[in-house]
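**Student:** compute the structure for the input listed below.
(one chain, ligands or ions: 1)
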Amino acid sequence: MDIDLEIFSPVQPISNPLFDAHGVKVFLKRDDLIHPMISGNKWRKLKYLLKTAQSQGKNHLVTFGGAYSNHLLATAAAAARFGFKATGIVRGEEVNNDTLFLCKLHGMQLIFTDRDSYRDKAALFNQYFGDDNDAFFIDEGGASPEGALGCSELLDELTETYDHIFCACGTGTTAAGIINGLSKHQLKTRFNAVPVFKNGSFIRDEINRFLTTPADYHLHTDYHFGGYGKADAELVRFIKEFVAASGVVIEPVYTGKMMYALYDLIGKGHFEPGSRILAIHSGGIWGLLGMKDKF
Ligand SMILES: *Cc1c(COP(=O)(O)O)cnc(C)c1O
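**Tutor:** Residues are numbered from 1 along each chain as shown. The predicted structure is shown next:
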C-alpha cells in the first residue's frame, strides 16, 4: 500500500485589532486539517517512519507516550489506515481516558509502564518485542530524522514568503524539519520556536541534532505556563477568546501556548511594522479532552 495522505493544509489570514495597531499580518498554516486523528505535525513525522517500516517488511509499530499523547493516537490511527499493527507503551499506571479510548478504538494494544522503566525506551522495546521480527521502534513523539524530513515538506507547500514562522515545540523534531525546509528553499524567514516545557532552552540541542545545516533561530522560553500540560486562567481565557473570535480550535498544551506567545510579542512591539507572520497550527486539538476541567 502506498503510504501517503493527500495534504489539505491551507494558509488562512486571521485578523485582530492588535495586528492592525502594530502593522503586522498573521496567517495560520492549517496542519490541523490534515486528518482528524493523524493530526498536524504528527502525520508529517510519521510518514517516512511508516515508509521505512514498510520497506523493512515490518508490520507492527511500537511507540511511546503519556496517557494524553497526540502521538499515540496519531500512530494508532495511521497504523489502522495503512495496515499495520500498533502497540503503545504508556507512561504511568493503567488509566482510561478519552485519548486512550480513541487509541484502542483504532486497534492499538496498550502496555502501561512505571515512570522509571519508561525512561529507557530501547530497553522496553527489547523486553517486550526483542524477538518480534515484525516490530518497528518509533521513539516518543516520533522524534527522528525521518520525522524532521516529513516536517520539512511543509515548506514545499508555501506559495508566499513570510518574515517569521512560529511553531510550538515538544521534542523539537517539527522545528528542525521546518528550519531544514527554510534552508533548502534558501528563505530568510526567521524561525521562532515556543517550547511548551519549563526551562525550554535545552530544546536547542534537540533541534540541532536533526538540522541538516546549522541555522540560527529564536527560542521563546517564557511561555510554558508552569510546564508541560500546565495552564493557568490567563491561558484558558486567551484560548476561549481566540476560538470564539476565529472559529479555529486551539488547545492549552501546544498551539494555545504558541498563539499566546505570538499575540504577547506582537503586543510588546517585537515585530517591525509590515511583518508577515505564519503560525503553524500543528493540530492536536484532542489535547483539550485532558483539560476540560480547566475551562
Ligand atoms: C506533538 C505536538 C507538537 C510538538 O512537536 P515536536 O515535533 O515534538 O516538537 C506541537 N504541536 C502539537 C499540536 C503537537 O501535538
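
**Student:** let me know the pLDDT of the residue in the stretch 151-295 of the chain positioned nearest to the ligand.
**Tutor:** Residue nearest to the ligand within the stretch 151-295 of the chain (CB to the nearest ligand atom): residue 284, separated by 2.7 Å. The way it works is simple: take the backbone N, C-alpha and C, and place the C-beta from them, glycine included. On the pLDDT scale, residue 284 is placed at 96.

**Student:** cool, and the one 3 residues further on?
**Tutor:** pLDDT for residue 287: 90.

**Student:** tell me, how many residues neighbour residue 193?
**Tutor:** 26 (other CB atoms under 10 Å).

**Student:** how about it, what does it touch?
**Tutor:** Neighbouring residues of residue 193 by CB atoms under 8 Å, 6 or more residues apart in numbering: 167, 168, 169, 172, 175, 203, 207, 217, 218, 219, 220.

**Student:** switch these over to a markdown table; also include secondary structure and distance to the ligand.
**Tutor:** Shown next, in a markdown table, are the contacts of residue 193 (DSSP: H, G, I helix; E, B strand; the rest coil; distance: CB to the nearest ligand atom, whole Å):
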| residue | secondary structure | distance to the ligand |
| --- | --- | --- |
| 167 | strand | 7 |
| 168 | strand | 4 |
| 169 | strand | 5 |
| 172 | coil | 5 |
| 175 | helix | 6 |
| 203 | helix | 8 |
| 207 | helix | 8 |
| 217 | coil | 13 |
| 218 | strand | 15 |
| 219 | strand | 12 |
| 220 | coil | 14 |
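
**Student:** by neighbours, which of those wins?
**Tutor:** residue 175 (31 neighbours).

**Student:** what residues does that residue make contact with?
**Tutor:** Residue 175 neighbours (CB under 8 Å, 6+ apart): 167, 169, 191, 193, 203, 207, 217.

**Student:** let's see it at 10 Å
**Tutor:** 41, 148, 151, 165, 167-169, 191-195, 203-204, 206-207, 210-211, 217, 219, 280 (CB atoms under 10 Å, 6 or more residues apart in numbering).

**Student:** residue 225 and residue 254, how far apart?
**Tutor:** Distance of residue 225 to residue 254, given as CB to CB, to the nearest Å: 12 Å.
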